[in-house]
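Q: Here's my sequence, what's the structure:
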Amino acid sequence: MAADGQLTRIRIGSAPDSWGVWFADDPKQVPWQVFLDEVAAAGYEWIELGPYGYLPSDPHRLRAELSDRGLRVSAGTVFTALHRDEPGTWEAAWAHVAEVAGHAQAVGAGHLVMIPAFWRDDRTGRVLEDSTLSPAQWRTLADRTERLSRRVREEYGLRVVLHPHADTHVDGEENVVRLLDSTDPDLVSLCLDTGHYAYCGGDSVRLVETYGERIGYLHLKQVDPAVLAQVHERGLPFGPAVGMGVMCEPPRGVPALGPVLEAAQSLGVDLFAIVEQDMYPCPPEQPLPIARRTRQFLRSCGA
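A: As a prediction, this is how the structure comes out:
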């Protein structure tokens with residue numbers, strides 16, 4: 001940390017997720033114009049694109065909309081199922097990734113956040129496949145993650161950061177470490193989501209301190225321990241858990257974000273730290289006051 005207590009290597013932003021946006025088009029969500037107006041009004045300068053198709057897909061139009069509000073883009077997001085080795089799975093994954101990566105590059109992003117596929121439906125809880133990968137599937141996941149990261153870097157100039165996520169095969173400490181130990185550090189970095197990692201029992205500060213060279217990006221999020229206990233007791237999938245308020249406004253939950261940011265600052269590299277408070281669906285008037293309070297809280301942490 002700088003002598004004045006400021007986290008000079010951390011660039012704070014927010015995302016459509018913090019406005020209750022999970023899908024490209026959903027009547028429960030705020031219009032994209034409202035999101036852009038309000039994220040700027042809340043004091044953020046950086047945003048993620050959110051689900052592809054939510055913000056304008058014409059890069060010229062989107063750049064103009066962003067410029068009018070003093071906003072810049074840190075990353076796009078993709079969901080992939082790279083552990084699956086059936087015919088056509090790689091081709092389908094790459095087609096989706098290429099579309100999103102091309103758009104992200106065109107609007108000035110430097111990162112692509114990659115989220116593994118869910119093993120159960122995040123809303124209904126229907127089991128889609130085994131929650132545990134076989135050794136062969138782990139090898140496929142590791143190999144294809146490296147392959148995809150290399151190709152995105154070569155063709156689009158973006159850094160892929162893999163996002164451990166609840167209800168996926170890359171979730172808590174054991175599986176995150178297994179993937180890191182199975183992949184090339186030059187190709188595979190993490191988007192450490194503090195909320196998802198806590199949801200799955202992980203310690204974000206310990207991960208940063210142990211695997212700091214693999215941390216390429218941060219999502220700032222907290223979980224409500226009391227709600228999380230109910231979620232685990234009832235075996236709920238992620239969607240209903242969010243509906244119960246498992247992801248809460250900081251600093252009301254865990255982990256404490258100040259120590260995470262300080263640990264990230266000590267790495268000596270520039271990192272994005274994007275606020276993502278899952279709250280789909282939510283009343284349209286709810287996100288802006290929370291976003292303003294969260295930005296003020298992060299300033300109090302030096303960010």
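
Q: how many other residues sit next to residue 137?
A: Look at residue 137: counted by other Cβ atoms under 10 Å, it has 17 neighbours. For every residue, glycine as well, the C-beta is placed using N, CA and C.

Q: Do you have the helices of the stretch 201-303 of the chain handy? List them.
A: 204-210, 225-234, 238-243, 257-265, 287-300 (DSSP state H, counting those that start in this stretch).

Q: Mind putting the ones you listed into a markdown table with distance to residue 110, mean neighbour count and mean pLDDT?
A: Compiled in a markdown table, those are given as follows (distance: least, Cβ to Cβ, whole Å; neighbours: other Cβ atoms under 10 Å; pLDDT from 0 to 100):
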| stretch | distance to residue 110 | mean neighbour count | mean pLDDT |
| --- | --- | --- | --- |
| helix 204-210 | 20 | 18 | 98 |
| helix 225-234 | 33 | 14 | 98 |
| helix 238-243 | 28 | 20 | 96 |
| helix 257-265 | 17 | 20 | 98 |
| helix 287-300 | 21 | 17 | 98 |
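
Q: Residue 12 is nearest to which of these?
A: helix 287-300 (5.6 Å; Cβ to Cβ).

Q: Surely residue 219 and residue 165 touch.
A: No - the criterion here is Cβ atoms under 8 Å, and residue 219 misses it with residue 165 at 9.9 Å.

Q: Compare these two (neighbour count), which wins?
A: Using other Cβ under 10 Å as the criterion, residue 219 and residue 165 rank with residue 219 on top: 27 against 23.

Q: Not counting its neighbours along the chain, what's nearest that one?
A: residue 193 (3.8 Å; Cβ to Cβ, 6 or more residues apart in numbering).

Q: and that neighbour, what pLDDT?
A: In this model, residue 193 is scored at 98, pLDDT.

Q: OK, contacts around it?
A: With contacts defined as Cβ atoms under 8 Å, 6 or more residues apart in numbering, the neighbours of residue 193 are 163, 164, 165, 218, 219, 221, 276.

Q: show me what contacts the fifth one?
A: Contacts for residue 219 were tallied using Cβ under 8 Å, 6+ apart; they are 163, 191, 192, 193, 194, 195, 196, 273, 274, 275, 276.

Q: if we can go back for a sec, most widely separated two among the contacts of residue 193?
A: That would be 165 and 218, which, of those, are the farthest apart (Cβ to Cβ) at 14.2 Å.

Q: just to revisit the earlier point, please identify every residue contacting each of residue 219 and residue 165.
A: 193, 196.

Q: for the stretch 51-200 of the chain, what spans make up the strands?
A: 72-80, 111-116, 159-162, 189-193 (DSSP state E, counting those that start in this stretch).

Q: Just put the contacts of residue 193 in JSON lines and tack on pLDDT and distance to residue 120.
A: Output for the contacts of residue 193, formatted as JSON lines (pLDDT from 0 to 100; distance: Cβ to Cβ, whole Å):
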{"residue": "163", "pLDDT": "98", "distance to residue 120": "17"}
{"residue": "164", "pLDDT": "98", "distance to residue 120": "16"}
{"residue": "165", "pLDDT": "98", "distance to residue 120": "12"}
{"residue": "218", "pLDDT": "98", "distance to residue 120": "26"}
{"residue": "219", "pLDDT": "98", "distance to residue 120": "21"}
{"residue": "221", "pLDDT": "98", "distance to residue 120": "21"}
{"residue": "276", "pLDDT": "97", "distance to residue 120": "21"}
